[in-house]
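# just need the structure, nothing else, for what follows:
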Amino acid sequence: MVDAKRALRRRLRAERSNMDAAERARIDEAIARRVEATEVYRGATVVCTYLSFGAEVETRGIIRAAWRANKVVALPRVVGPAMLRWYCIDSFDGLEKGAFGTQEPVPESGRELCLPTVPGDAAIRVAETDVQDIQGRLAEHRVSDAACRLPSVYDARYVAIVPGLAFDRRGYRLGYGGGYYDAFLRSFPGVSVGLCRSAALFEDLGDLGALEPHDVPVDVVVTEQGQL
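This is a model prediction of the structure:
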């Protein structure tokens with residue numbers, strides 16, 4: 001399984017790096033517009049998002065739109081193995097190069113975003129039948145639900161925009177191997193959104209040997225063609 005994931009990561013990195021830059025920009029703009037049109041994004045007051053790096057799906061337009069809509073924007077900072085802390089930003093100035101070459105916020109007093117552990121008054125309740133459906137699909141694909149986030153409520157104030165080399169139609173993602181977002185998503189109180197070009201969307205990553213028991217799915221996947 002580990003070798004399969006490594007091989008798939010290498011292939012996907014090469015494919016997205018070799019994409020025509022203009023075509024990549026067109027696709028990313030379409031993804032951004034679809035994200036901004038989603039109910040979960042429009043209803044959120046806090047947007048936790050990655051700042052795109054290299055050939056990742058571009059997020060700067062989404063961030064600027066969030067600022068225009070008076071949303072709070074927070075970027076992650078790596079603080080340890082599989083550990084992220086989030087800091088609020090109101091511009092792209094003052095960022096510094098992080099552990100993996102990405103631009104990260106500088107930790108400042110009063111700028112750290114403290115995410116709630118218990119959903120607040122704006123929570124959205126997930127129907128019991130939806131949870132049962134999720135559990136059924138997990139069992140079908142032999143993925144332990146102990147590793148997956150199955151909350152009874154979602155806090156609609158918070159949305160997380162999550163990177164990935166690939167996603168599948170069930171929300172599972174192929175990340176970069178550090179486990180940072182799996183750990184983050186496991187306790188995130190809001191709704192998670194994965195950004196994915198359709199060329200990197202698979203029916204089931206498990207069929208490719210690219211899923212492990214600790215992998216955590218996102219709630220929504222957005223491509224240039226629509227929302228899953």
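
# pretty sure residue 35 sits against residue 193.
Yes - assessed by Cβ atoms under 8 Å, residue 35 is found in contact with residue 193 at 6.5 Å. (C-beta placed from N, C-alpha, C; glycine too.)

# which neighbours do those two share?
41, 161, 222 (Cβ atoms under 8 Å, 6 or more residues apart in numbering).

# which stretches of this protein have low pLDDT?
1, 109-110, 117-154 (pLDDT under 70).

# change it to 90
The chain contains residues with pLDDT under 90 at 1-7, 82, 94, 98-101, 107-111, 114-156, 177-179, 187, 209-215, 228.

# closest to the centroid, which residue in the protein?
Nearest to the geometric centre of the chain sits residue 162, at 1.4 Å (Cα atoms, centre = their mean).

# circling back to that earlier point, top of the shared contacts of residue 35 and residue 193 by number of neighbours, please.
residue 222 (27 neighbours; other Cβ atoms under 10 Å).

# any idea how far it is from residue 196?
Here the criterion is Cβ to Cβ, to the nearest Å. By it, residue 222 lies 7 Å from residue 196.

# so what sits against both of these two?
Listed as contacting both residue 222 and residue 196 by Cβ under 8 Å, 6+ apart are residue 31.

# ok, the nearest residue to residue 173 once chain neighbours are set aside - contacts?
If the residues on either side of it in the chain are set aside, residue 173 comes closest to residue 164, at 3.7 Å by Cβ to Cβ, 6 or more residues apart in numbering. Counting by Cβ under 8 Å, 6+ apart, residue 164 touches 173-175, 181, 194-196, 200.

# give the pairing partners of the strand of greatest length in the chain; include direction for each.
Using DSSP state E to define each element, the chain has its longest strand at strand 72-80. Its sheet considered, strand 72-80 pairs with strand 46-49 (parallel), strand 83-89 (antiparallel) by DSSP bridges.

# most tightly packed of those?
Compared across these, strand 46-49 shows the largest average neighbour count, a mean of 23 (mean count of other Cβ atoms under 10 Å).

# what distance separates that strand from the centre of its chain?
Taking Cα atoms, centre = their mean, to the nearest Å, one finds strand 46-49 lying 10 Å from the centre of the chain it belongs to.

# who touches that strand?
Strand 46-49 has contacts (Cβ under 8 Å, 6+ apart) with 41, 59, 62-63, 66, 71-76, 86, 113, 115, 157-161, 188, 190.

# now the following helix or strand past it: buried residues?
Next helix or strand after strand 46-49 toward the C-terminus (DSSP states H and E): helix 60-68. For helix 60-68, burial by neighbour count (16 or more other Cβ atoms under 10 Å) applies to 61-63, 65-66.

# next: stretch 219-228.
219-224, 228.

# farthest pair within these?
When Cβ to Cβ is used, the two most widely separated members of the buried residues of stretch 219-228 are 219 and 224, lying 19.1 Å apart.

# now residue 12: which helix or strand?
Residue 12 belongs to helix 2-17 when assigned by DSSP H and E.

# that helix - contacts with which helices or strands?
Helices and strands touching helix 2-17, by 3 or more Cβ pairs under 8 Å, 6 or more residues apart in numbering; DSSP states H and E, are strand 173-174.

# what pairs with the strand it packs on, parallel or antiparallel?
In the sheet, strand 173-174 lines up against strand 166-168 (antiparallel) (DSSP bridges).

# what comes into contact with the partner strand?
Strand 166-168 is contacted from outside by 8, 12, 173-174, 194, 196, 200-206, 210, 218, 221, using Cβ under 8 Å, 6+ apart.

# contacts only, for the spatially closest residue to residue 225 that is not a sequence neighbour.
Using Cβ to Cβ, 6+ apart and skipping the chain neighbours, the partner closest in space to residue 225 is residue 198 (5.3 Å). When contacts are counted by Cβ under 8 Å, 6+ apart, residue 198 is found next to 27, 223-225.
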